[in-house]
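**Student:** model the structure of this input:
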Amino acid sequence: MQIPQGKKIYFSSDNHLGAPTSELSLPREKKFVRWLDEIKEDAAAIFLLGDLFDFWFEYKTVVPKGFVRALGKLAEISDSGIPIYFFVGNHDLWMKDYFETELGISTFRDVKEFTFNNKVFLIGHGDGKGPGDKGYKRMKKVFTNPVFKWLFRWFHPEMGMRLAQYLSVKNKLISGDDDKKFLGEANEWLALYAKRKLEKKHYDYFVFGHRHLNMKIEVGENATYYNLGDWITQYTYGVFDGSDFELKTFEE
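**Tutor:** The predicted model follows:
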């Protein structure tokens, strides 16, 4: 993809809408919508790298209540012709096809390679990648198992949503939330994952979420790992203008 002159590609991650409650996350949702309104003026594409919701599950005819401002704005932008790409995170890993069928948003469940202006990107949420995080990796296999999802679907939505939202907040093993402390460049799991990927192929940029820490780490010659931070306290995002990638903070 060649980025048109004057256009940019935007990246954000980890909004966790609905946490700790729908009421308390509403101001963050409104702020996210204001950001979308601002960037749509020069966006060539928008990447959402997971955990947009603190919990999400799609029954055959039911989706979670709320988030209408964010979903409506995403639908408006998608309908305008700006492509939006969504990467499923560990908090919304039970997403099915709602974004694709209702909003026209391409949805991915693992990392994916993109090339913009001859710069090669590897993009994803980041959960379960790299060394460590073994407890979550085991739990993810259970929660993505079709049989487990089929069994959960038989819960009444009211009961199932309450249980899942409780576990999403209280059980750190299920949620996959790491201790949100910088581990040092030599120990950051996603940076180590990026270095391993570079052994087989060159990437100019690795862009991930999940860690809730905005960071930039040089992982090889002309290869950089970026983590986008979050939209809970930091309101950070990434932007690629066709030649350079930069982390920014949305300030009003």
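**Student:** so residue 223 sits against residue 206, correct?
**Tutor:** Yes: proximity of residue 223 to residue 206 meets the contact threshold set by Cβ atoms under 8 Å, at 7.4 Å. Placement of C-beta: from N, CA and C, glycine included.
**Student:** overlap of the contact sets of the two?
**Tutor:** Common neighbours of residue 223 and residue 206 (criterion: Cβ atoms under 8 Å, 6 or more residues apart in numbering): residue 194.
**Student:** ok, these two, which is more surrounded?
**Tutor:** Taking neighbours as other Cβ atoms under 10 Å, residue 223 and residue 206 compare with residue 206 leading, 28 against 19.
**Student:** ok, now which ones touch the more buried one?
**Tutor:** By Cβ under 8 Å, 6+ apart, the contact list for residue 206 reads 121, 122, 123, 190, 193, 194, 197, 219, 223, 224, 225, 226.
**Student:** pLDDT score assigned to it?
**Tutor:** pLDDT for residue 206: 98.
**Student:** so how far is residue 147 from residue 211?
**Tutor:** Per Cβ to Cβ, to the nearest Å, residue 211 is found 31 Å from residue 147.
**Student:** more neighbours, the two?
**Tutor:** More crowded of residue 211 and residue 147, by other Cβ under 10 Å: residue 211, with 26 against 8.
**Student:** and what about that one, helix, strand or coil?
**Tutor:** Assigned by DSSP: H, G, I helix; E, B strand; the rest coil, the conformation of residue 211 is coil.
**Student:** and the nearest residue to it once chain neighbours are set aside, bridged to which residues?
**Tutor:** Distances taken as Cβ to Cβ, 6 or more residues apart in numbering place residue 227 nearest to residue 211, at 4.9 Å, with adjacent residues excluded. On the basis of DSSP bridges, residue 227 takes part in beta bridges with residue 208, residue 215.
**Student:** helix or strand with the lowest mean pLDDT in the protein?
**Tutor:** Lowest by mean pLDDT, DSSP states H and E among the helices and strands of the chain is helix 172-175, with a mean of 48.
**Student:** helices or strands up against the next helix or strand after that helix?
**Tutor:** Downstream of helix 172-175, the next assigned helix or strand under DSSP states H and E is helix 189-198. Judged by 3 or more Cβ pairs under 8 Å, 6 or more residues apart in numbering; DSSP states H and E, helix 189-198 is in contact with strand 205-208, strand 214-220, strand 223-228.
**Student:** scan the chain for its longest helix.
**Tutor:** Longest helix in the chain by number of residues (criterion: DSSP state H): helix 22-39.
**Student:** and that helix, how far out from the chain middle?
**Tutor:** Going by Cα atoms, centre = their mean, to the nearest Å, the spacing between the C-alpha centre of helix 22-39 and its chain's C-alpha centre is 16 Å.
**Student:** name the residues that touch whichever helix or strand comes after that helix?
**Tutor:** Next helix or strand after helix 22-39 toward the C-terminus (DSSP H and E): strand 43-48. If you take Cβ under 8 Å, 6+ apart as the criterion, strand 43-48 is touched by 1, 3-4, 7-13, 36, 39, 77, 82-87, 123, 207.
**Student:** strand 43-48 pairs with which strands, and in what direction?
**Tutor:** Note on strand 43-48: by DSSP bridges, its sheet partners are strand 8-12 (parallel), strand 84-87 (parallel).
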